[in-house]
Every structure is written in structure tokens, then in C-alpha cells.
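> quick one, structure for this:
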Amino acid sequence: MSSETASGYLIEKINTVLQTKRGCAVSIVNDKLTLSVFALLRENLRNVNEINFIIRDTRFLPETEEVTREFEIDANPKNMLFNQYDIIEKSKLTHFATAKEMYDFIEQCVNVRITRPPHSIRGNLLTINNDFMVQGSSSLEISNKAKRNRAISIDFDTVLNDTMDKSQIEGANAKFEQLWYSNELTRDFKEELLKTLSYVYKDHCPEFLYNFTLNEIFGSQLDYGIERFERDNTQFKNTDIWNALYDFQKDAVLSAIQKINKYNGCIIADSVGLGKTFEALAVIKYFELRQDNVLVLTPVKLFDNWNSFRNPYKDNIINDIFNYKILCHTDLSRLYGESRSGIDLARIDWSKFDLVVIDESHNFRNRTERDDGFTRYQRLLDECIKKNQNTKVLLLSATPVNNLCLSTKKYSVWSRKSTAPLDTDFYLSTGAAPADRAKGRLGSHICCLLRMTT
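Numbers count the residues shown, from 1 in each chain. Okay, here's the model as predicted:
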């Protein structure tokens, strides 16, 4: 363990002292004792006869949930067993055995008490017999190396041994005993801590993990199905396009609307022939009823198809009136002239649109930039997405279903938190055919979270 941080230095000092002590007693007052620190001390802790540990800060009490959700690296967890460093290690599945060892060690050798609110203890303390003492602000945790733009925490600690000031160490131990034996200031916490540790290394059966994963992905939608959506959107449910959809298409539309509102983007990735155009028209109608300005970007060969839906033609099977604008993919490569829909390309402000629907969106998966000009992808990104932070994007393509994931990986993806494509999460919404639904597949609507590295 390197001593780049104050905590790393202290752990090295503690290990050095423990190596020379047999049957010693250790007294600790601290707000944390993370699994990583235990892992670094466990070899020399075998020399210890007894450890008395007072948890001084109730803000860092571990969660009592059986399944924890501490996997966000940038989070600042208020948990005495895990910090950012531990969460990284936990995600590597290296902490289960450590947690079991820590559980066994605490059960056999450690007594644990915790301060009773509203009482508080300021500062941390560790003593080994009357021979060694660390006093200061350092928690018993390992910190990641400092990163750019990340705040650095500076701790001031005093390290003493019996050759320096043994009377001060004895005084600290006397005060510790006062806290330890005062039922007014502290209470026993060992069983509660052991219960939390048992959750860390607990084995879960595959069925539980499967159901838990489904709940994490779909849980927020359990009480918001089509019936409730129609109750909340009475005007939309009366439109022709909504009532023309099959149930599996309504599921896909509902999920797409939810994801567009939450993440600013979504892919409808039904296989060929399942009605992506009608699902997209339903999404468009929903946003048009909110008075949003919608643009449809389509290949030239599909222009007439999209144009027919927004005009009052006799042969239209949908009687709704649509107000979306239509431009072709090739219009993104033109600075002048007029589009097939009559829009002056020299005057168009691409940032005026609240929702951009891109049909055959796999044509935009090539992100290669050109120094001598711009690609359609660059134009769309720079003039439509970057200029309007609130622009939402709906992508239509069968490529994610019909092709390999490697092909899907090349898609351009936009996130609410960024104005440029990056390593990010995006959502794929697909409808399933009625035959698939009859086979007992997981619902008629599949919502898949894909991790993209673009």
C-alpha cells in the first residue's frame, strides 16, 4: 500500500506496530472502518487479543437494505463500510470474501458501540495498549488518487508512541474507557453491524437476481401502464393514430415517450414490418399536442410516405392532422437551395425544433469528421443538438434488431447531460410481434439498457 494519502500512511504505521505486538488491545474511535482498510490490516490483526470500536458519527451508518445499490463511482456514499474506492473494488466482485472474513473477525474479536444522539465525539482515535496512538481527523478508509477538478481532503493527525509521551496515550485510553462504559453516551451496536455485513457477502439465488434486475429496470413502470397513461392524457387517447395501434405498439409508444422525456432521446428498433412509422407518428402527435415543433428527417425515397400523413388526402388511413416539418437526410449536406418540402435551406434555423425524428437513423452512425467540410452527422449535431439544449431525438431503425450489436455500437447517441456523443447510456425501445407475445416472452414491449462505447 502506497502512502500517497494520510490514511495510507497511517495504515502502514499501524501495521508496523501490530507486527511487534502479541495479544495487544486496540481501542478505536472513528466514523469509518471500510472493507479495504480491514483487508490491509487483517494479517496483523491476528496478533490482537481484543478490539473495542466506538462509531462516533451516525451519519455514516451502513444501509440496512438486503440489496444495496452502491455502484456509482462518482457518488459520495455515507456508509462506514464503503467509500468511492471500495465501490470500485466491490464492482470487481473482490469484496465478498473480505466481507465474510471481516464478519467472522468482528464476531470473535471486536466489541462495537455507537454514540447515542444527540451526543457527539469530535475527532478520531486509535490506541494500541499504552504504546501507540493516532489522533486526528483521518477516517479508516482508502482514498482514490486525486483527480483533476476533484476536491482534495487534507487531514492533520498526531502519531505518538510510548517513547514520546506515554502519559498522553494513557489519558486518551482513560477517556475512551469513560465513553465505552457510559450507557448514556454510547450503546451496543455489534449485532446491527454484523447484520449489515452479512448482506454484503450473502449469496442470492439466480431467480432472485433475475426478478430483482427486472424490478430495477421496469419498476418505475409497474404503476404506469397504458390505462393510466390514457387517463392522464385524455386528448391524446382520442386521436386516430393512438387508436389505430395494436397493444404491443402502444406499449412501445408509451415507453418511448417516457424515455424521451427522461433522457432526451430514444431508439424505436422494431423489426421490419412491425409499424415503426405508426409508432413514430403517435409519438409525434403526443409532442405536437404539447405545442412542440417537430422535424422529421427521412431518406429521399421515403419523403412521399411521410408527406402523405400530414396532408388531407382521401386515401390516408389516419385522419389526424400533423404539423411536423420534413427534410431529407441529403438536405444536411446542402447550404443553399430548396428542400422537397419547400423549405429554404439557406434560411433554416435547425435549432428551432423541440423533437427531431430520424427515420432510417442507421445512416447517421458514421461519425468520421472531415476537415474539408462537414458530414451530415456533424451538421445535425452542431446546428440542431448543440444549439438547443432541449432538443429531443427519436431514432427509427431496424438495424439494432436485424444486425449485430457491433453495428449498433456505431450509432450517434445524445444524452441530456451532454451536447456531444460520449460513453453514455441510451435506451432502446422495441415492440414485439403478437406471436412472440403468445410464446410467453417477457411482455410485448422490451426495454433494453445498452452500454455503448462510441
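
> CA atoms for contacts and neighbours, from now on please.
OK.

> neighbours of residue 10, how many?
Neighbour count for residue 10, taken as other Cα atoms under 10 Å: 18.

> just residue 13 next, same as before
Using other Cα under 10 Å, the number of residues around residue 13 comes to 15.

> and it, how far from residue 127?
According to Cα to Cα, to the nearest Å, residue 13 and residue 127 sit 12 Å apart.

> and residue 310, by the same measure?
Applying Cα to Cα, the value for residue 310 to residue 127 is 79 Å.

> and residue 17, by the same measure?
Taking Cα to Cα as the criterion, residue 17 is separated from residue 127 by 11 Å.

> comparing the two, which shows the higher neighbour count?
Set side by side, residue 17 and residue 127 show more neighbours around residue 127, with 25 against 15, by other Cα under 10 Å.

> quick one, what contacts residue 357?
280, 294-297, 393-396 (Cα atoms under 8 Å, 6 or more residues apart in numbering).

> and for residue 43?
By Cα under 8 Å, 6+ apart, the contact set of residue 43 is empty.

> helix or strand for it, which one?
Residue 43 belongs to helix 35-45 when assigned by DSSP states H and E.

> report the rounded mean pLDDT for that helix.
Averaged across helix 35-45, pLDDT comes to 84.

> got it, and stretch 317-329?
91.

> same thing with stretch 138-149?
Averaging pLDDT along stretch 138-149 gives 61.

> the chain should start at 10 in everything you say after this.
Fine by me, first position is 10 from now on; the one you just mentioned is stretch 147-158.

> which residues in the protein form strands?
Listed in chain order, the strands of the chain (DSSP state E) span 33-39, 57-64, 119-124, 133-137, 141-145, 166-170, 195-197, 274-277, 303-307, 334-337, 364-367, 401-405, 433-440, 454-461.

> any idea which of the ones you listed scores lowest on pLDDT?
Mean pLDDT values for the strands of the chain show the minimum at strand 454-461, a mean of 29.

> quick one: contacts for residue 359?
Counting by Cα under 8 Å, 6+ apart, residue 359 touches 392-393.

> number of residues surrounding residue 330?
13.

> for it, give me its contacts.
Counted by Cα under 8 Å, 6+ apart, residue 330 has contacts 318-321.

> just the buried residues of the residues you listed.
With burial judged by 16 or more other Cα atoms under 10 Å, the buried subset of the contacts of residue 330 is 318-319.

> pipe the contacts of residue 330 into a markdown table and attach pLDDT per row.
Output for those, formatted as a markdown table (pLDDT from 0 to 100):
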| residue | pLDDT |
| --- | --- |
| 318 | 91 |
| 319 | 89 |
| 320 | 88 |
| 321 | 86 |
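
> least confident secondary structure element in the chain?
Every helix and strand in the chain was compared by mean pLDDT, DSSP states H and E; the lowest is strand 454-461, with a mean of 29.

> for residue 39, see how far away residue 122 is.
Per Cα to Cα, residue 122 is found 11 Å from residue 39.

> ugh, wrong one, I meant residue 333
The gap separating residue 333 from residue 39 is 62 Å, by Cα to Cα.

> how about residue 60?
Look at residue 60 and residue 39: by Cα to Cα, they are 13 Å apart.

> who's more crowded, the two?
For residue 60 versus residue 39, neighbours defined as other Cα under 10 Å are more numerous around residue 39 (24 against 20).

> who's in contact with the more buried one?
Residue 39 neighbours (Cα under 8 Å, 6+ apart): 62-66, 132-134, 148-149.

> repeat that with 6 Å
By Cα atoms under 6 Å, 6 or more residues apart in numbering, residue 39 lies in contact with 64-65, 133.

> mind listing residues that contact the longest helix belonging to the chain?
Counting residues, the longest helix in the chain under DSSP state H turns out to be helix 171-189. Contact partners of helix 171-189, identified using Cα under 6 Å, 6+ apart, comprise 139-140.

> tell me the angle of it relative to strand 33-39?
With axes from the mean of the first three to the mean of the last three Cα atoms, to 10 degrees defining the directions, helix 171-189 sits at 60 degrees from strand 33-39.

> what comes up buried for helix 171-189?
Within helix 171-189, the residues scored as buried using 16+ other Cα under 10 Å are 175, 178-179, 181-182, 185, 188-189.

> likewise stretch 45-58?
Across stretch 45-58, burial judged by 16+ other Cα under 10 Å covers 45-47, 49-51, 53-54, 56-57.

> same check, this time on stretch 30-38
For stretch 30-38, by 16+ other Cα under 10 Å, it's 30, 33-38.

> need the residues you listed in JSON lines (columns: distance to residue 349).
JSON lines is the format used below for the buried residues of stretch 30-38 (distance: Cα to Cα, whole Å):
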{"residue": "30", "distance to residue 349": "86"}
{"residue": "33", "distance to residue 349": "86"}
{"residue": "34", "distance to residue 349": "85"}
{"residue": "35", "distance to residue 349": "81"}
{"residue": "36", "distance to residue 349": "80"}
{"residue": "37", "distance to residue 349": "77"}
{"residue": "38", "distance to residue 349": "75"}
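
> looking at these, which is nearest residue 339?
The closest of the buried residues of stretch 30-38 to residue 339 turns out to be residue 38 (Cα to Cα; 68.5 Å).

> quick one, what contacts that closest one?
Applying Cα under 6 Å, 6+ apart to residue 38 gives the contacts 62-63, 133-134.

> what bits of the stretch 260-409 of the chain have low per-residue confidence?
Applying pLDDT under 70 to the stretch 260-409 of the chain flags the ranges 374-382, 408-409.

> where along it do the helices fall?
In the stretch 260-409 of the chain, the segments counted as helices under DSSP state H, counting those that start in this stretch are 285-297, 312-318, 385-388, 408-411.

> bridged to the closest residue to residue 403 other than its chain neighbours, which residues?
With sequence-adjacent residues excluded and distances taken as Cα to Cα, 6 or more residues apart in numbering, residue 403 is closest to residue 366, at 4.7 Å. Legend: beta-bridge partners of residue 366 under DSSP bridges are residue 305, residue 403.
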